[in-house]
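Novice: whatever this is, show me its structure:
(one chain, ligands or ions: 1)
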Amino acid sequence: MAHQLKNSGCYPVHPKEKANLCIINTCTVTQKASMQSRQAVRKAIRSNPGARIIVTGCYAQTEPDEINKIDGVHHIIGHTDKFKIPDIVLSKEKEPYPHLIRQNILSEHHFEHTPAAVSGNRTRPFLKIQDGCDSFCTYCIVPYARGRSRSMLIENVLKNIKQLKPAGYHEVVLTGVHLGAYGLDLSPKTDLTELLNRICESNPIDRVRLSSIEPHELTDNIVRLVAKADIFCHHFHIPLQSGDDLILKKMHRPYTRSLFRNQILKINELLPDAAIGVDTLIGFPGETQKAFENTLSLIDELPVTYLHVFPFSARKGTPASRYPKPVDSKTIKVRCKKMRALGHRKKMDFYKKFTGKPVEILIEDKRDRSTGLLKGITSNYIPVHVNGDDHLKNTLVPVKIDKIKNGKVLGTLYSHLHEPFES
Ligand code: SF4
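Specialist: Okay, the predicted model is just below:
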């Protein structure tokens, strides 16, 4: 949206200036996100008197009536029309766009191919190749907000990636709400393995990173391909949510702790240096202390390298919001703290394994705030801090990892060392 608006002559104002147009792209993944979305809308209205206020995104899609209660909003626009916002804003037509349209996202089958499909930070842009989800896990609001699974055509994925290299990019992150379902909606049907094979054949960029893939959808072929082809980053992110089979069943997650264990061990066998990130959802209704400890012990025993820990948040309209035996918020906090501590320990243990080793990092656009050092990411997702000049930003450089200090990985550029680089 920003890209399209800028191309049409709009420009972003300084935070201290008043805007005449505010677009708030909302989130609703947790209760807190919905609350923060409402706060952002109110703040935009307060700080920009007279501005045209447009609210879009997942909260606008699922709870338009809640936004409608806020005075001063001009348009509430769901996902179906989200990418028409620049046209709506710039249109000189007499017939104004309605204040509120309720759109049924579940009947949407078209993958919205936006002109600027790539987004995110400058160094490692995101390319969204899939949207929506058909899984309806019992705690999750996403299918109601994003609709059915739909994918970008393989040719368009390749075309988008190919445009990145001449534009100066070295890495792209392939994202989707349910990446493992990529291509299953297309006709003829395809899948993620086929897409990755095609990317590998056309070799359009230095690095391709995959975002989250469900444990049961991470096929042997995908792991083997990542291990074999240099283009793919040695990095997997796998949502476990719970390591207790009963809770997994109640969550409507179609795998067991044993399948998850096998998947992690398989990655580790073929790619012993791979980063393996895991999502956990803590405090699902009925999660006993024993069930929580099952998750904790499973992660502890496996070569998982970092964790994302989410407290359960009851989402209106989902089955789990009506489930008995809710876990009290204090217990959820205590369990989250314990899980985060485990995640931190595993991450530090992983980093330490690479001390003294040569790695290649992609230097990011912004320096590390606290140290002022350049920061670059390895293929296996280690953020390495090095001393160096600004001209190295957005380049791939060889470095040696020296040590871990205050939780940060410190390294030295090979150009500053007098030894050959052997990766
Ligand atoms: S697979 Fe992921 S996005 Fe889909 S319903 Fe389950 S948690 Fe939500």
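Novice: CA only for contacts and neighbour counts going forward, please
Specialist: Will do.
Novice: can you list the residue ranges for helices in this protein?
Specialist: 2-7, 31-47, 58-62, 64-68, 85-90, 142-146, 154-164, 192-202, 220-228, 245-251, 257-270, 289-301, 329-352 (DSSP state H).
Novice: other SSEs contacting the longest one?
Specialist: Counting contacts by 3 or more C-alpha pairs under 8 Å, 6 or more residues apart in numbering; DSSP states H and E, helix 329-352 packs against strand 275-282, helix 289-301, strand 306-311, strand 396-405.
Novice: could you say which of these is packed most deeply?
Specialist: Each of these was scored by mean neighbour count; the highest is strand 275-282, a mean of 22, by mean count of other C-alpha atoms under 10 Å.
Novice: sorry, back to before: okay, the helices of the chain in CSV with distance to the ligand and mean pLDDT next?
Specialist: Below are the helices of the chain laid out as CSV (distance: least, C-alpha to the nearest ligand atom, whole Å; pLDDT from 0 to 100):
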stretch, distance to the ligand, mean pLDDT
helix 2-7, 26, 84
helix 31-47, 15, 96
helix 58-62, 13, 94
helix 64-68, 20, 93
helix 85-90, 25, 85
helix 142-146, 5, 93
helix 154-164, 21, 94
helix 192-202, 15, 97
helix 220-228, 18, 97
helix 245-251, 9, 98
helix 257-270, 15, 98
helix 289-301, 17, 98
helix 329-352, 18, 98
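Novice: columns distance to Leu179 on top of the ones you listed, output as a markdown table?
Specialist: Shown next, in a markdown table, are the helices of the chain (distance: least, C-alpha to C-alpha, whole Å):
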| stretch | distance to Leu179 |
| --- | --- |
| helix 2-7 | 25 |
| helix 31-47 | 23 |
| helix 58-62 | 18 |
| helix 64-68 | 27 |
| helix 85-90 | 26 |
| helix 142-146 | 14 |
| helix 154-164 | 13 |
| helix 192-202 | 8 |
| helix 220-228 | 12 |
| helix 245-251 | 19 |
| helix 257-270 | 17 |
| helix 289-301 | 23 |
| helix 329-352 | 24 |
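Novice: and among the ones you listed, the most buried is which?
Specialist: For the helices of the chain, the highest mean count by mean count of other C-alpha under 10 Å goes to helix 58-62, at a mean of 26.
Novice: from the chain's centroid, how far away is that helix?
Specialist: Taking C-alpha atoms, centre = their mean, to the nearest Å, the mean C-alpha location of helix 58-62 is offset from the chain mean by 18 Å.
Novice: who are the packing partners of that helix?
Specialist: Other helices and strands packing on helix 58-62, by 3+ C-alpha pairs under 8 Å, 6+ apart, are strand 21-26, helix 142-146.
Novice: residues contacting the nearest residue to Met152 once chain neighbours are set aside?
Specialist: Leaving aside its chain neighbours, Met152 sits nearest to Ile129 (5.1 Å; criterion: C-alpha to C-alpha, 6 or more residues apart in numbering). For Ile129, the contact set (C-alpha atoms under 8 Å, 6 or more residues apart in numbering) comprises Ser151, Met152, Val157, Leu174, Thr175, Gly176, Leu179, Tyr182.
Novice: what's across from the fourth one in the sheet?
Specialist: Just to be clear, that refers to Leu174. Beta bridges link Leu174 to Leu127, Leu210, judged by DSSP bridges.
Novice: burial count for it?
Specialist: Residues near Leu174, counting by other C-alpha atoms under 10 Å, number 20.
Novice: is it in contact with Leu127, as I believe?
Specialist: Yes. The criterion here is C-alpha atoms under 8 Å, and Leu174 meets it with Leu127 at 5.1 Å.
Novice: show me the chain divided up by domain.
Specialist: 2-103, 107-352, 358-416 (automatic domain parsing).
Novice: so what pLDDT did Tyr414 get?
Specialist: Tyr414 carries a pLDDT value of 88.
Novice: same deal with Pro420?
Specialist: 70.
Novice: with adjacent residues omitted, what lies nearest to it?
Specialist: Tyr414 (7.7 Å).
Novice: cool, Thr378 as well?
Specialist: Nearest non-adjacent residue to Thr378, counting by C-alpha to C-alpha, 6+ apart: Ile361, 4.5 Å away.
Novice: for that neighbour, give the beta-bridge partners.
Specialist: Applying DSSP bridges, one finds that Ile361 bridges with Thr378, Val397.
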